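1. sequence isn't available, so here's the structure alone:
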Ligand SMILES: Nc1nc2c(ncn2[C@@H]2O[C@H](COP(=O)(O)OP(=O)(O)OP(=O)(O)O)[C@@H](O)[C@H]2O)c(=O)[nH]1
Ligand SMILES: [Mg+2]
């Protein structure tokens, strides 16, 4: 259950009104976030012990997260070892795409949940950690997943976490990540940073994606940067295109620096 936004709450308490219900709701939200913060601290310690960086990629559905990762994995080969945690409500499609591009991946399906939380990421990190071997139990589906790879984290490695496509709730949940990257595609409009300020305020890097489409759109890049600056004055904005490769070398350099500092 998402105790913060209540978007998938189906129990009767959701129908209660008045001060008592509001107090119970607030207590529930604080409990959920406190438990999440504790799990995030554990993830941070686990990653630090392995000198591994973790990047939490957040955006609306379809902004190009998985496509960017499909280009990032081969782009970092030999420089940074990558593993991926994929968050979606349903399907294993994105994890399969990642494995096809050469990195181990664990798919986390959140069901009705609209974001990843630190506990599910912690389980996925431990799944990525053990040595290779087919036939281990997949804790997320209770099924054997013979295609899952493994990673041996060491200095210069990074776990890329693709959060569930959503510009609201993922920003509220610390996963224990080293850095937060928010993607916005040029088809989404210049106003997203001011409409969803919490997500952009917490970002360490903003990627403006699909810039190969700019010749066909009325998207104003300066207006977008101004909107970013209103909520996060110092964050770096990188324009990228997975289709034609624009900006990807800067993105790879940013990831290399993060992994080296871990
Ligand atoms: N023109 C163009 N299209 C792109 C680019 N990157 C991704 N796309 C397209 O955008 C669509 C969505 O891409 P995905 O990478 O699946 O997006 P996502 O953010 O992972 O989507 P969810 O996981 O569903 O949230 C696909 O049709 C991609 O081919 C790009 O750089 N340029
Ligand atoms: Mg995806």
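-> Here it is on my side, so go on. On a predicted model such as this, the values are computed, not experimentally measured, just so you know. Ligands and ions are numbered 1, 2, ... in the order given.
2. show me which residues of the stretch 51-200 of the chain sit near ligand 1.
-> Within the stretch 51-200 of the chain, the positions lying close to ligand 1 (C-beta under 6 Å from any ligand atom) are 59, 61-67, 88, 94, 165. (Each C-beta comes from the backbone N, C-alpha and C, glycine too.)
3. one more time with 5 Å, if that's ok
-> Residues of the stretch 51-200 of the chain lying close to ligand 1 (C-beta under 5 Å from any ligand atom) are 61-67, 165.
4. now those: which count as buried?
-> By neighbour count, with 16 or more other C-beta atoms under 10 Å, those hold 63-67, 165 as buried.
5. among the residues you listed, which pair sits farthest apart?
-> 67 and 165 (12.7 Å; C-beta to C-beta).
6. please name the nearest non-neighbouring residue to whatever residue of the stretch 101-250 of the chain ends up closest to ligand 1.
-> Nearest residue of the stretch 101-250 of the chain to ligand 1: residue 165, at 2.8 Å (C-beta to the nearest ligand atom). Leaving aside its sequence neighbours, residue 165 sits nearest to residue 61 (C-beta to C-beta, 6 or more residues apart in numbering; 3.1 Å).
7. now do the contacts for the residue nearest to residue 37 when sequence neighbours are not counted.
-> Nearest residue to residue 37, sequence neighbours excluded (C-beta to C-beta, 6+ apart): residue 174, at 6.0 Å. Contact partners of residue 174, counting by C-beta atoms under 8 Å, 6 or more residues apart in numbering, are 36-37, 40, 118.
8. now residue 200
-> Neighbour list for residue 200: 182, 192-193, 206, 228, 231-232, 235 [criterion: C-beta under 8 Å, 6+ apart].
9. returning to what we had before: my read is the residue nearest to residue 37 is in a helix, agree?
-> No: assessed with DSSP: H, G, I helix; E, B strand; the rest coil, residue 174 is coil; it does not lie in a helix.
10. any low-confidence regions in the stretch 1-150 of the chain?
-> For the stretch 1-150 of the chain, the stretches flagged by pLDDT under 70 are 1-17, 130-150.
11. recalculate using a threshold of 90.
-> 1-33, 50-51, 78-79, 129-150 (pLDDT under 90).
12. quick one: name the residues of the stretch 51-200 of the chain near ligand 2.
-> 65-66, 94 (C-beta under 5 Å from the ion).
13. can you put those in TSV and add secondary structure?
-> Below are those laid out as TSV (three-state DSSP):
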residue	secondary structure
65	helix
66	helix
94	helix
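14. JSON lines for those, including distance to residue 123?
-> Below are these laid out as JSON lines (distance: C-beta to C-beta, whole Å):
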{"residue": "65", "distance to residue 123": "21"}
{"residue": "66", "distance to residue 123": "21"}
{"residue": "94", "distance to residue 123": "18"}
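15. still on that earlier bit, just the contacts of residue 174: which are in helices?
-> Of those, the ones assigned to helices by DSSP state H are 36-37, 40, 118.
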